[in-house]
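>>> Coordinates only, no sequence provided:
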């Protein structure tokens, strides 16, 4: 069974540029999560989807961050415009349902903003 | 919201020794406690988890204990091996509508020969 897939793995951009990350969860997993992981820290939840509905986006900086999961499968996280402080690893995770809770992580996208 | 504290931040043990990592949580309603291992540049991988209806769970060299009264849980690794070297994260969540994982700050474990 394929795990959570993310692309790109690495991205270097200049500040004020837009950037997008893509995630494909494990097949059949209804719940999808986007996390931010700063160096030396644990992941922090940005947004959680139940199918195509964003059910928890309280930690998403909505002035510059947006996300979508239009068909309830893969998802895209966008930053526009990027700032220096956005440099981090962006992790996607999925679980079968919110009731099960076991979350499986993708390899992440390491973003560097210059 | 939930707050998870993790100690120590770094831990160095000799191969074959045991390692213990401790976490405390603040929300008494939390009932699910997973542990993730993250090697450098790689994804966090679930190594063991425990739910609040049990006090201890073991999987070969890894065990987790939970004390609901004190709101703390611990990871125990016995007979450590060099491949156990990684960063370990504890986390806590409530099942159901509020299933948001709150992570600790991580413990860097170094197993020396």
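Yep, that arrived. Every value quoted in this text rests on a predicted model; they were computed, and no experiment measured them.

>>> So which residues on chain B come close to chain A?
Residues of chain B that fall close to chain A, judged by Cβ under 8 Å from any Cβ of the partner chain: B:4, B:6, B:32, B:34, B:36, B:42-46, B:49, B:89, B:91, B:93, B:95-97, B:99-101, B:103-106. (Each C-beta comes from the backbone N, C-alpha and C, glycine too.)

>>> Just list whatever residues bridge to the residue of chain B found nearest chain A.
Minimum separation of chain B from chain A (Cβ to the nearest Cβ) falls at residue B:103, amounting to 3.0 Å. Under the criterion DSSP bridges, residue B:103 forms beta bridges with residue B:91.

>>> Same check on residue A:76?
residue A:22, residue A:68.

>>> do residue A:7 as well
Applying DSSP bridges, one finds that residue A:7 bridges with residue A:22.

>>> now residue B:19, nearest residue through space, not along the chain?
residue B:77 (4.5 Å; Cβ to Cβ, 6 or more residues apart in numbering or on different chains).

>>> next one: phi and psi at residue B:84?
With angles defined as degrees, to the nearest 10, residue B:84 sits at phi -80, psi -10.

>>> ok, for it, nearest residue in space, not its chain neighbours?
residue B:111 (5.1 Å).

>>> Packing partners of the host helix or strand of that neighbour?
Element membership of residue B:111 [criterion: DSSP states H and E] is strand B:107-112. For strand B:107-112, the elements it packs on are strand B:10-14, strand B:19-25, strand B:86-92, judged by 3 or more Cβ pairs under 8 Å, 6 or more residues apart in numbering or on different chains; DSSP states H and E.

>>> Residue A:51: which of those is closest?
Each of the helices and strands packed on strand B:107-112 was scored for nearness to residue A:51 using Cβ to Cβ, and the closest is strand B:86-92 (23.3 Å).

>>> mean confidence for the closest one?
On average, the pLDDT along strand B:86-92 is 96.

>>> Next, the angle from that strand to strand B:19-25.
30 degrees (axes from the mean of the first three to the mean of the last three Cα atoms, to 10 degrees).

>>> List the buried residues for stretch A:59-75?
A:59, A:60, A:65, A:66, A:67, A:69, A:73, A:75 (16 or more other Cβ atoms under 10 Å in any protein chain shown).

>>> Tell me which two in those residues are the farthest apart.
A:59 and A:73 (22.9 Å).

>>> What remains of the residues of chain B next to chain A if I keep only buried residues?
B:4, B:6, B:32, B:34, B:36, B:43-44, B:49, B:89, B:91, B:93, B:95, B:99-101, B:103-106.

>>> In terms of helices and strands, where is the residue lying closest to residue B:22 once chain neighbours are set aside?
Once flanking residues are discounted, residue B:22 sits nearest to residue B:74: 4.8 Å by Cβ to Cβ, 6+ apart. In this structure, residue B:74 sits in strand B:72-77 according to DSSP H and E.

>>> ok, that strand: who's next to it in the sheet?
In the sheet, strand B:72-77 lines up with strand B:19-25 (antiparallel), strand B:62-67 (antiparallel) (DSSP bridges).

>>> sorry, back to before: quick check: buried residues in the strand holding residue B:111?
Neighbour counts over strand B:107-112 (16+ other Cβ under 10 Å) mark B:107, B:108, B:109, B:111 as buried.

>>> and if you look at stretch B:27-36?
Buried-residue list, stretch B:27-36, by 16+ other Cβ under 10 Å: B:27, B:30, B:31, B:32, B:33, B:34, B:35, B:36.
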